[in-house]
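[1] requesting a structural model of the entry that follows:
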Amino acid sequence: MFHHTRIRLAATAAAAVAAMALTACGTGSDDEIVDKPKAKASAKADSGSGNEKDPAAEKSSAAPDVAKVGDTLGLKGVEAGSELDVTVLKVVDNAKSSDEFFAPESGNRWIGVQFQLVNTGTKVYSDAPMNGAKMADDQGQQFGTTIADITAGPSMSADVRLKPGGKALGWIVFEVPKASKAATVTFGMDSGFAEQIGEWKL
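    Numbers count the residues shown, from 1 in each chain. Sure, this is the predicted structure:
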């Protein structure tokens, strides 16, 4: 009896250690910040008529800067074959509510960020994208998302499912103090538990 109890305790301890290791994978110091944008091949083609922009585009693709609004980051999820191209298309500070009865709390404002997600992997992407998004100000304070509809456009769905090659587009809203200066926005797959976290400078 005593022997069996010891075996059970050892097995329980081993399971607890394994669970701690799995938890550490998603939120620990092994996280990788991805902030180098992908080359903009389509942007070069679009700006073919504007000769003045070509040298800058070439420099940008030769030595990518830190990602900013308009840039695309390639991110990986927890499972093999789970990958997204994520683009921050637009940012609207002091975003206005499309519902007259719903507004930011007193002393706060809304900042809307329009994300485009493209499934570049081999597995179906299924997640609530707003769970993996965060905003930080220039003081290092971090802010989560809020469920809100804004006049800038349709919100990102709370339940996105994309087959390989599929796309999703929508606004994610953050509530921040009026005095805060937004510095970065981040996005991670698997509700933010993936080791790769994309970061855009605002």
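[2] quick one: the helices in the protein, in order.
    According to DSSP state H, the chain carries its helices in the segments 2-27, 41-46, 54-62.
[3] domain map for this protein?
    Structurally, the chain divides into domains by automatic domain parsing as follows: 1-30, 32-201.
[4] so G112 touches E175, yeah?
    No: counting by CB atoms under 8 Å, no contact exists between G112 and E175, whose distance comes to 10.7 Å. Yep, even glycine has a C-beta here, placed from its N, CA and C like the rest.
[5] tell me the contacts of G107?
    177-178 (CB atoms under 8 Å, 6 or more residues apart in numbering).
[6] any stretches of this structure with poor pLDDT?
    Low-confidence segments of the chain (pLDDT under 70): 1-30, 41-64.
[7] now do the strands in it.
    Remark: strands of the chain, listed N- to C-terminal, are 32-34, 72-76, 83-93, 108-119, 125-127, 133-137, 142-143, 145-146, 160-162, 167-177, 182-188, 196-201; assignment by DSSP state E.
[8] got CSV for the ones you listed, with mean neighbour count and distance to F102 too?
    Formatted as CSV, the entries for those read as follows, by neighbours: other CB atoms under 10 Å; distance: least, CB to CB, whole Å:
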stretch, mean neighbour count, distance to F102
strand 32-34, 14, 33
strand 72-76, 21, 31
strand 83-93, 19, 16
strand 108-119, 21, 10
strand 125-127, 19, 25
strand 133-137, 21, 19
strand 142-143, 16, 18
strand 145-146, 18, 10
strand 160-162, 16, 23
strand 167-177, 19, 11
strand 182-188, 22, 21
strand 196-201, 21, 27
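[9] of all those strands, which one comes closest to D65?
    For D65, the closest of the strands of the chain is strand 196-201, at 8.8 Å, according to CB to CB.
[10] same for that closest one, what does it pack against?
    On a contact count with 3 or more CB pairs under 8 Å, 6 or more residues apart in numbering; DSSP states H and E, strand 196-201 meets strand 32-34, strand 72-76, strand 182-188.
[11] between those, which one is closest to K167.
    Shortest separation from K167 across those is recorded for strand 72-76, at 12.1 Å, computed as CB to CB.
[12] returning to that earlier point: how about the strands of the chain in a markdown table, adding distance to F101?
    Formatted as a markdown table, these follow (distance: least, CB to CB, whole Å):
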| stretch | distance to F101 |
| --- | --- |
| strand 32-34 | 38 |
| strand 72-76 | 36 |
| strand 83-93 | 20 |
| strand 108-119 | 15 |
| strand 125-127 | 29 |
| strand 133-137 | 25 |
| strand 142-143 | 23 |
| strand 145-146 | 15 |
| strand 160-162 | 27 |
| strand 167-177 | 16 |
| strand 182-188 | 26 |
| strand 196-201 | 32 |
